[in-house]
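Chemist: Here you go, sequence then predicted model.
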Amino acid sequence: MNPLKFIWGIFFRLFPCPVPTGLRRIGNPGPDAPVLVTCNFYIAVRRLIRALQGIDLWLLVADSKGVNVWCAAGGDEFNTQSVVSVVKTSGIGELVDHRKLILPPLGAPGIIAKELKDRTGWSVRWGPVRGGDIPQYLRAGQRRSEPMKRVTYNWFERLDTALGALFPFFFLGAAGFFIFSRHLFLDYVLISAMAFLFFMLTCPWLPGKRGLTKAIFLDLILGMVLVLYEVSGIRSTVAIRSDLVIAMIMILLYGTELGGLASTMPSDLDPFLARLGIGAIGNVAFAGSVRTELLNGYRDLTYDRNRCIGCRNCNEVCPQGVWAMDEERHAVLGQREKCTACRACIVQCLSGAIQAECRPHAEGTGICREER
Amino acid sequence: MLSYIFMKILEARPRSYDRRMDRFSRGKVARIKEAVVAEIPERAEVLEIGCGTGELAAMLIARGATVTGFDLNPEMIEVAREKIEEEGLGNRFTLGEMGVDGMDLFPSSCFDAVVSTLSFSELSNDERRFTLRHAERVLKPGGLIVIADEVVPRTLLRKLVKACVRIPMLAATYLASGASTRPIADLPVEIEDAGFEVSKEIRSQGDAFALVVGVRKDKE
């Protein structure tokens, strides 16, 4: 383990944390061992290798500019070219006697399976969403159970994403308090950490579909407490008023980008910034070097059943289970309200049956249906 | 010194890339390209890896060469295409948008020289090995490979000097473009491993930049 990279990868996830790309041997793989592909984000590779202990396989680490699979695929940093390059230059073809790649399905917004096959001759199987499920997936003869295909946002994942994305802002705030208002520094550190933990751990049960609604709900409660405190006439040595205000501001801040962090929600901030003409602020704003204008170009799917050829790709790659298959083996847009606009189905659809209205700011980026 | 790290920022604006690059590097990049061109025999068939805006290709063509170039950046390719149109180089310059993974598409023994400036430092170890292996294959016997790129200095002192200059620049470049380069540890050895004989190695800029010329060995 590299402690510096570990800390960087965990707490500064808005910035890339790359490892060298290329082939890794896991255990003692032979010519028939499976070939797994992942991104070159330090934390992802580390967690994957730990999950794979005791298994013999080939791991291809493809270039994603040091960003995690999903964000990098959404921002077109982890794409067909990344995988083609590592497949061809690593010499994996000479080490195995099959031509099957197991890809992370969250890479589906960036890696076009058909193009990959055309360019390398390797066919694509979408593996489990979570690396931790891979041993079980392999034991089951490379078959995925339904839960393996879908993203979750459990307490560990909530803590993990939120720590990674919000820590730099917390840190900036702490520096600000330390310099300008030192008597509130400790309050800020404790209160914002508590507000943050409380919000991240309770967010699935807070009312509202968007992060901001959830945050405003919590803020209203805190606001009422603040009003009660003001009218009650209690005098305290603790800076309760300031603490409550800090908590309210921090919760609002967390709420603003909850959608972007949560794997089960679409981002609110990205399209808003894109509408203002801000695609990316350097790459400080969102997951590494990801171009935000590519991330949320779509919201409303259109689906033409007559064009569906029943390839099942949409059902296979949708991390939210939006797509079902009917008895005639055509795709059915089952749970549209769950769509997080990751565009995996649009990219993988073989017949162009799935389309999306292009937002004006996404035009000319080469991702709109009309342009393909 | 070492201002070519900034090229990653400039690449975002391909149209002014050449001009800005030259100003940033205070003419250094132009001198690098001239040094590369000087190594290439006149009227050679040249393959350029990472041709960017086609600046070096145009210089080679001016000396009678025919150039095939490729680059992964579509905007840079677009500018190169416009350059071809403007300067009427159409029949002397073939362009493609692809990465080094496409090197295996070229037939064997068809080029007199393979050149690459400031591209190798963007490749992974595997990609460099693959590229050099195929460069050896596509070259005619006695053909030349000329690579000019950022390298790791050989002495500890020079390494420290370089780190001091590079780290702040890297941070600035990174914040603006989200990209960086990776100096190559042992470029001549990599070139030799691919079956070349290194005939020249010129170090400059505090030992942090190298121009390496390799000759494809004549296989019996």
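Modeler: In hand now; what should we look at?
Chemist: can you give me the mean pLDDT across the strand ranked longest in chain B?
Modeler: Using DSSP state E to define each element, chain B has its longest strand at strand B:139-150. Mean pLDDT, strand B:139-150: 93.
Chemist: which one is B:V213 nearest to, not counting chain neighbours?
Modeler: Excluding the flanking residues, the one nearest B:V213 by C-beta to C-beta, 6 or more residues apart in numbering or on different chains is B:K200, at 4.1 Å. Where C-beta positions appear, they are placed from N, C-alpha and C, glycine not excepted.
Chemist: Now for that neighbour: which residues touch it?
Modeler: Applying C-beta atoms under 8 Å, 6 or more residues apart in numbering or on different chains, we find B:K200 in contact with B:39, B:211-213.
Chemist: Show me which positions of the helix or strand hosting it end up buried.
Modeler: Using DSSP states H and E, B:K200 falls within strand B:196-204. Within strand B:196-204, the residues that count as buried by 16 or more other C-beta atoms under 10 Å in any protein chain shown are B:F196.
Chemist: From the chain's centroid, how far away is it?
Modeler: Its chain's C-alpha centre and that of strand B:196-204 lie 14 Å apart, by C-alpha atoms, centre = their mean, to the nearest Å.
Chemist: in its sheet, what does that strand sit against?
Modeler: Sheet pairing of strand B:196-204 (DSSP bridges) gives strand B:209-216 (antiparallel).
Chemist: so A:Q355 makes contact with A:C314?
Modeler: No. Between A:Q355 and A:C314 there is no contact under C-beta atoms under 8 Å: 11.9 Å.
Chemist: who has more neighbours, the two?
Modeler: A:C314 (26 against 19; other C-beta atoms under 10 Å in any protein chain shown).
Chemist: From B:F70, how far off is B:G195?
Modeler: Separation of B:G195 from B:F70 (C-beta to C-beta, to the nearest Å): 22 Å.
Chemist: next one: A:P20
Modeler: Computed as C-beta to C-beta, the A:P20 to B:F70 distance reads 24 Å.
Chemist: Ok, A:T120 next?
Modeler: Taking C-beta to C-beta, one finds A:T120 at 18 Å from B:F70.
Chemist: residues near A:R139, how many?
Modeler: For A:R139, using other C-beta under 10 Å, the count is 10.
Chemist: Same check on the one 3 residues further on?
Modeler: For A:Q142, the tally of surrounding residues (other C-beta under 10 Å) stands at 14.
Chemist: How about it: what's its closest non-neighbour residue?
Modeler: Take A:Q142 and drop its neighbours on the chain: the residue closest to it by C-beta to C-beta, 6+ apart is A:R125, 6.3 Å away.
Chemist: Quick check, that neighbour in contact with A:G141.
Modeler: No. When contacts are counted by C-beta under 8 Å, A:R125 is not listed as touching A:G141 (11.4 Å).
Chemist: And these two? Which one has more around it.
Modeler: A:R125 (17 against 6).
Chemist: tell me the helices in the stretch 1-150 of chain A, going along the chain?
Modeler: Under the criterion DSSP state H, counting those that start in this stretch, the stretch 1-150 of chain A contains helices at A:3-11, A:42-51, A:69-74, A:80-89, A:113-120, A:134-139, A:146-149.
Chemist: average pLDDT for the first one?
Modeler: In other words, helix A:3-11. Averaging pLDDT along helix A:3-11 gives 88.
Chemist: quick check: mean pLDDT across the helix or strand hosting B:V189?
Modeler: In this structure, B:V189 sits in helix B:187-193 according to DSSP H and E. Per-residue pLDDT values over helix B:187-193 give a mean of 93.
Chemist: what residue ranges in the chain score low on pLDDT?
Modeler: I went with chain A, as the question did not name one. Within chain A, the ranges that satisfy pLDDT under 70 run A:237-238, A:270-300, A:357-372.
Chemist: other chain: chain B
Modeler: Using pLDDT under 70, chain B drops low at B:1-26, B:172-180, B:219-220.
Chemist: Surely A:I134 and A:G127 touch.
Modeler: Yes. With contact defined as C-beta under 8 Å, A:I134 reaches A:G127; the gap is 6.3 Å.
Chemist: who touches both of the two?
Modeler: With C-beta under 8 Å, 6+ apart, A:I134 and A:G127 have common neighbours A:L36.
Chemist: Who has more neighbours out of the two?
Modeler: Using other C-beta under 10 Å as the criterion, A:I134 and A:G127 rank with A:G127 on top: 25 against 22.
Chemist: Contacts only, for the residue lying closest to A:A247 once chain neighbours are set aside.
Modeler: Once flanking residues are discounted, A:A247 sits nearest to A:A195: 4.4 Å by C-beta to C-beta, 6+ apart. Residues near A:A195 by C-beta under 8 Å, 6+ apart: A:246-247, A:250-251, A:254.
Chemist: and if you look at A:Q81?
Modeler: Counting by C-beta under 8 Å, 6+ apart, A:Q81 touches B:72, B:99, B:101.
Chemist: 10 Å instead, please
Modeler: Residues near A:Q81 by C-beta atoms under 10 Å, 6 or more residues apart in numbering or on different chains: A:62-63, A:110-112, A:115-116, A:119, B:72, B:98-99, B:101.
Chemist: Same list, those residues, but as a markdown table with neighbour count and distance to A:V69 please.
Modeler: Formatted as a markdown table, the contacts of A:Q81 follow (neighbours: other C-beta atoms under 10 Å in any protein chain shown; distance: C-beta to C-beta, whole Å):
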| residue | neighbour count | distance to A:V69 |
| --- | --- | --- |
| A:A62 | 27 | 10 |
| A:D63 | 24 | 12 |
| A:G110 | 27 | 9 |
| A:I111 | 29 | 10 |
| A:I112 | 18 | 15 |
| A:E115 | 15 | 18 |
| A:L116 | 22 | 15 |
| A:R119 | 18 | 20 |
| B:L72 | 17 | 21 |
| B:M98 | 15 | 24 |
| B:G99 | 20 | 20 |
| B:D101 | 23 | 20 |
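Chemist: for these, which one is nearest B:E45?
Modeler: B:M98 (18.6 Å; C-beta to C-beta).
Chemist: which residues in the stretch 151-300 of chain A form helices?
Modeler: Using DSSP H, counting those that start in this stretch, helices in the stretch 151-300 of chain A cover A:155-180, A:185-202, A:211-232, A:240-256, A:258-261, A:269-275, A:292-295.
Chemist: Output those helices as TSV; include the columns distance to A:L301.
Modeler: TSV is the format used below for these (distance: least, C-beta to C-beta, whole Å):
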stretch	distance to A:L301
helix A:155-180	25
helix A:185-202	29
helix A:211-232	22
helix A:240-256	25
helix A:258-261	18
helix A:269-275	15
helix A:292-295	16
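Chemist: Show me the one of the ones you listed that comes nearest B:I84.
Modeler: helix A:292-295 (29.2 Å).
Chemist: so after that closest one, what's the next helix or strand?
Modeler: Next along from helix A:292-295, by DSSP H and E: strand A:301-303.
Chemist: buried stuff in that following strand?
Modeler: A:301, A:303.
Chemist: From the chain's centroid, how far away is that strand?
Modeler: 22 Å.
Chemist: In its sheet, which strands sit next to that strand, and in what direction?
Modeler: By DSSP bridges, strand A:301-303 pairs with strand A:354-356 (antiparallel).
Chemist: hmm, back to that, can you state the direction angle for the longest strand of chain B and strand B:196-204?
Modeler: 20 degrees (axes from the mean of the first three to the mean of the last three C-alpha atoms, to 10 degrees).
Chemist: tell me which strands and helices strand B:139-150 is in contact with?
Modeler: On a contact count with 3 or more C-beta pairs under 10 Å, 6 or more residues apart in numbering or on different chains; DSSP states H and E, strand B:139-150 meets helix B:28-39, strand B:45-49, strand B:111-117, helix B:125-138, helix B:187-193, strand B:196-204, strand B:209-216.
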